[in-house]
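> Build me a model:
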Amino acid sequence: FASGDFGHAVLYEDFTPETVAVRAWWCCTLHGLRAFPDVHDSVFRQQRDNIFYDLPLDGKWKSQTAIIEAQSRLATDGKVRLVVENMAGSHSLTIRKPDWADAVVVTTNGKHEPGLTAPLIKTGDEIVVKYTMNVRLATAERTQTRPDRKALSFGPWLLGASSHDQAEYFNELYPDNQIAMESGRMPYPGGALPFAVPIAATPASCIPAEFPGQPVKVELRAVAEQTGYEPARWQTAFLVRAKS
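Below is the predicted model of the structure:
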């Protein structure tokens with residue numbers, strides 16, 4: 001939450017979020033904050049002479065023989081820049097390819113690596129990692145009871161429609177709105193809020209259940225953006241029309 005708390009959502013009977021509104025200071029806030037150092041400590045790891053970059057986040061690896069800093073721009077342009085600040089001995093750096101990435105491309109000092117490993121890194125090297133991501137659909141049947149609903153993700157981010165951005169989308173019948181994905185990406189509006197994920201902003205066409213003769217546009221955003229503003233209503237399970 002924008003307050004710094006962690007929490008959870010009030011759910012409809014079909015287990016989809018109605019409003020993300022419960023600041024659970026008695027459990028979620030405590031354990032959410034405790035999770036941050038665990039995540040930070042898991043960005044890098046090392047096995048013998050091979051250093052692994054596992055989580056595409058900001059982070060820094062320090063050992064007796066190596067110092068590497070990662071600066072992540074995953075949320076804006078899908079890239080991470082890693083700078084080798086100090087290196088003693090022979091080490092390689094291997095980048096993990098997560099399931100949500102269609103491809104991962106690694107370059108060392110501007111030179112393309114044939115795989116996911118930058119061999120024999122040295123002090124001053126700059127490694128840039130590009131994650132190719134696209135919209136992915138998965139069944140939502142395990143988390144709600146309405147038939148044929150899909151969950152949509154872009155890279156690691158769950159997508160949804162938010163009343164913060166489009167209050168008019170949420171009428172009485174909005175759970176039965178039908179959406180169709182569009183081919184292009186959308187420009188993210190200027191003055192983005194903190195915690196914005198511009199790269200995940202996804203345009204869709206929508207046939208409203210209440211007014212099917214009046215199609216509209218809907219902008220799907222990363223649910224993670226909820227952190228930047230007061231609690232809003234979200235739809236995260238959709239009827240998705242097949243492409244004609």
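> Most distant residue from the centre of the protein?
For the chain, the largest distance from the centre (CA atoms, centre = their mean) belongs to Gly89, which lies 35.5 Å off.
> So, low pLDDT: which residues of this protein?
Where the chain drops to pLDDT under 70, the residues are 184, 186-192, 243-244.
> Okay, helices next: where are they in it?
Shown for the chain, the helices assigned by DSSP state H span residues 28-41, 74-77.
> what's the most buried one of the ones you listed?
With neighbours defined as mean count of other CB atoms under 10 Å, the helices of the chain peak in mean count at helix 74-77, which reaches a mean of 16. From N, CA and C alone the C-beta is placed, and that goes for glycine too.
> if we can go back for a sec, CSV for the helices of the chain, including distance to Ala161?
Output for those, formatted as CSV (distance: least, CB to CB, whole Å):
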stretch, distance to Ala161
helix 28-41, 24
helix 74-77, 19
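> need the contact list for the spatially most central residue of the chain.
By CA atoms, centre = their mean, the chain has its centre lying nearest to Trp157, at 2.8 Å. Residues near Trp157 by CB atoms under 8 Å, 6 or more residues apart in numbering: 197, 200, 222-224.
> repeat for Gln235
When contacts are counted by CB under 8 Å, 6+ apart, Gln235 touches 16-17, 160-161, 169-170, 174-175, 177.
> any idea how far it lies from Leu57?
28 Å (CB to CB, to the nearest Å).
> ditto for Leu220
Counting by CB to CB, the gap from Leu220 to Leu57 is 23 Å.
> quick one: which of those two has more around it?
More crowded of Leu220 and Leu57, by other CB atoms under 10 Å: Leu220, with 28 against 15.
> my guess is Ala103 contacts Asn134, does it?
No: counting by CB atoms under 8 Å, Ala103 stays clear of Asn134, with 10.1 Å between them.
> Now list whatever residues contact both of those two.
Common neighbours of Ala103 and Asn134 (CB under 8 Å, 6+ apart) do not exist.
> So between those two, which is more surrounded?
Neighbour totals were compared for Ala103 and Asn134, and Asn134 leads with 12 against 9 (other CB under 10 Å).
> The more buried one and Glu210: what is the separation?
For Asn134, the distance to Glu210 (CB to CB) stands at 31 Å.
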